[in-house]
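K.L.:
Provide a 3D model corresponding to the input given below.
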Amino acid sequence: MKTYLLSIGLLLVVGCQALHTKPTEVFYLKNEQTTHLKIIENLEARLFNSAPPLITEDKIITGNAQDGVRAFDTNGNEVWKKEVEAGIEGGFAYKDNRLYFGANNYMFYSLNLESGIEVWHFKTEGEVLSKPLLVNDRLYFVTGNNILYCLKAKDGSLIWRYKRNTRDIFTVRGAATPVISQNRLFVGFSDGFFTAININNGSLLWERNLATSIKFKDVDASAVVDGDTIYVSAYDSALYALNNKEGRVLWSVDAGGSYPVAVVGNKIYYSTSDSRLLVIEKQTGRITSEMQAKGIFQTALVKDNLLFLADSAGSVKTYDTNTDKMLKEFYPGHGVSSPLVSPDNSKSIYFLSFGANLFHLTYGWKPDLGVY
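P.N.:
Residues are numbered from 1 along each chain as shown. I've put the predicted structure just below:
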């Protein structure tokens, strides 16, 4: 009788423990909001919404290559619009209620972020196709005809300019955003050269020819600096790891690209011009795995041990970086036309689609209440 009662007690204890076991967690990727940008669809070859959206505390700024810049509140309501002839493609920078961007009409602008009213503009010698870099109240950007500018953010006055001595060549549309490391600017140009520029006066410190192709020589991908190493690609050539002191080649991977790499730990995620994502060992350049896109992958977004991949002709996919398992997939209806943007300390992702829609996704883990 005692043995029988003891068995019942054990079963009750085990049963209660099972009932209080933490539920299994499942990953979610949810569309919180879709805002249609209402552009006129013509000139189908032009990439209308390539500029990454800018996310501030209370606004979302978008631009397209047709009519200009729009600001929305967090509910998707338009707050202001700045019409710009031929639109913009590069992207934005902002600081202290000032918005900065270059345009296809040979102008660079500063606007009041709250009202959209123009503060100043600067006339350039070419289309501004790169996202500007804003550091220490200086703006750095590249035009489509291979001129690197440095302006004062306060009033738009010119500090210096650096121009490549290049003849007319057939190029891919785009331009790299400069990056800064150790008081030097690193940026590539459409003639196939990657350069180190003196940040104070715009003089050339060193240059490296990365273009092995006779077709497209462009170095439109922004460089990524990791310690003493620079990772940068040429469109029709290869991905290079360079020593940042003199530009010496450490290793290369024979696959061209036009988007910056993502460096996470000892891994490099690299989107190629031939529709692949390569996972590469950072130290050696050895390819460990690859994925195929329907179109072209944007720069991989790696955050919270998750890999987000956006396909120009497909969906946004999420992978667990520890297991490489695909967790969720979101179809925007059209391919993804802009890089994915995720503000710091948030579980949100923003991007633009070829259907002229601005998407706001959220992600995370939640209890699977159906599993105990």
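K.L.:
And the nearest residue to Glu83 once chain neighbours are set aside, what's its pLDDT?
P.N.:
Of all residues not flanking Glu83 in the chain, Gly68 sits nearest, at 4.6 Å (Cβ to Cβ, 6 or more residues apart in numbering). C-beta: built from backbone N, CA, C; applies to glycine. At Gly68, the predicted lDDT confidence score is 89.
K.L.:
So in terms of bridging, what pairs with Gly68?
P.N.:
Note on Gly68: beta-bridge partners by DSSP bridges are Asn64, Glu83.
K.L.:
Any figure for the gap between it and Lys294?
P.N.:
30 Å (Cβ to Cβ, to the nearest Å).
K.L.:
Comparing these two, which residue is more hemmed in?
P.N.:
Gly68 (21 against 12; other Cβ atoms under 10 Å).
K.L.:
could you point out where the protein is predicted with low confidence?
P.N.:
By pLDDT under 70, the low-scoring segments of the chain are 1-23, 38-48, 167-172, 213-214, 370-372.
K.L.:
Residue ranges of each domain in it, please.
P.N.:
Domain assignment for the chain, taken from automatic domain parsing, gives 23-38+297-372, 48-163, 171-292.
K.L.:
picking that back up, I'd say the residue nearest to Glu83 and Ala86 touch.
P.N.:
No. Using Cβ atoms under 8 Å, Gly68 and Ala86 do not qualify as a contacting pair, with a distance of 9.0 Å.
K.L.:
can you list residues touching both of those two?
P.N.:
Common neighbours of Gly68 and Ala86, counting by Cβ atoms under 8 Å, 6 or more residues apart in numbering, are Ala103.
K.L.:
Tell me which stretches of the stretch 101-250 of the chain form strands.
P.N.:
107-112, 118-123, 133-135, 138-142, 147-152, 158-163, 179-181, 184-188, 193-198, 204-209, 224-226, 229-233, 239-243, 249-253 (DSSP state E, counting those that start in this stretch).
K.L.:
partner strands of the last one, parallel or antiparallel?
P.N.:
In this case it means strand 249-253. Strand pairing for strand 249-253, determined by DSSP bridges: strand 239-243 (antiparallel).
K.L.:
cool, and the first one?
P.N.:
Sheet partners assigned to strand 107-112 using DSSP bridges are listed as strand 98-102 (antiparallel), strand 118-123 (antiparallel).
K.L.:
got the angle between it and strand 138-142?
P.N.:
If you take axes from the mean of the first three to the mean of the last three Cα atoms, to 10 degrees, strand 107-112 sits at 140 degrees to strand 138-142.
K.L.:
and strand 107-112, how far from the chain's centre?
P.N.:
22 Å (Cα atoms, centre = their mean, to the nearest Å).
K.L.:
Determine the angle, from 0 to 180 degrees, between that strand and strand 147-152.
P.N.:
30 degrees.
K.L.:
can you check the last one too?
P.N.:
Taking the same axes, to 10 degrees, one finds strand 249-253 and strand 147-152 inclined to each other by 120 degrees.
K.L.:
how about the CA coordinates for strand 249-253, as CSV?
P.N.:
Provided in CSV are the C-alpha atoms of strand 249-253 (Å, rounded to 0.1, in the frame of the first residue of the first chain):
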residue,chain,number,x,y,z
VAL,A,249,46.7,42.4,-51.1
LEU,A,250,46.4,39.8,-48.4
TRP,A,251,44.1,37.5,-50.2
SER,A,252,41.3,37.6,-52.8
VAL,A,253,38.2,35.7,-53.8
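K.L.:
Contacts for that strand next, please.
P.N.:
Strand 249-253 has contacts (Cβ under 8 Å, 6+ apart) with 208, 229, 238-243, 270, 278, 280, 284-285, 287.
K.L.:
can you pick the most crowded of these?
P.N.:
Comparing the contacts of strand 249-253 by number of neighbours (other Cβ under 10 Å), Tyr270 comes first, having 27 neighbours.
K.L.:
Could you give the bridge partners of it?
P.N.:
Leu278.
K.L.:
hang on, isn't it packed against Gly257?
P.N.:
Yes. Using Cβ under 8 Å, Tyr270 is in contact with Gly257, at 6.2 Å.
K.L.:
Identify the contacts common to those two.
P.N.:
Common neighbours of Tyr270 and Gly257 (criterion: Cβ under 8 Å, 6+ apart): 233, 239.
K.L.:
Buried residues in stretch 196-205, which are they?
P.N.:
The neighbour-count check on stretch 196-205 (16 or more other Cβ atoms under 10 Å) flags 196-197, 199, 202 as buried.
K.L.:
Now distance to Asp73 too, for these, in CSV please.
P.N.:
Formatted as CSV, the buried residues of stretch 196-205 follow (distance: Cβ to Cβ, whole Å):
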residue, distance to Asp73
Ala196, 42
Ile197, 39
Ile199, 37
Gly202, 39
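K.L.:
Can you pick out the most distant pair from these?
P.N.:
Largest separation among those by Cβ to Cβ: Ala196 and Gly202, giving 11.6 Å.
K.L.:
Does Thr35 belong to a helix, a strand or coil?
P.N.:
At Thr35, secondary structure determined by DSSP: H, G, I helix; E, B strand; the rest coil is strand.
K.L.:
Isn't it up against Asp73?
P.N.:
No. Thr35 is not in contact with Asp73 according to Cβ under 8 Å; the separation is 10.2 Å.
K.L.:
and for these two, which residues touch both?
P.N.:
Shared contacts of Thr35 and Asp73, defined by Cβ under 8 Å, 6+ apart, comprise Ile60.
K.L.:
Settle it for me: which of the two has more neighbours?
P.N.:
Here Thr35 and Asp73 are compared on neighbour count by other Cβ under 10 Å; more neighbours surround Thr35, at 21 against 11.
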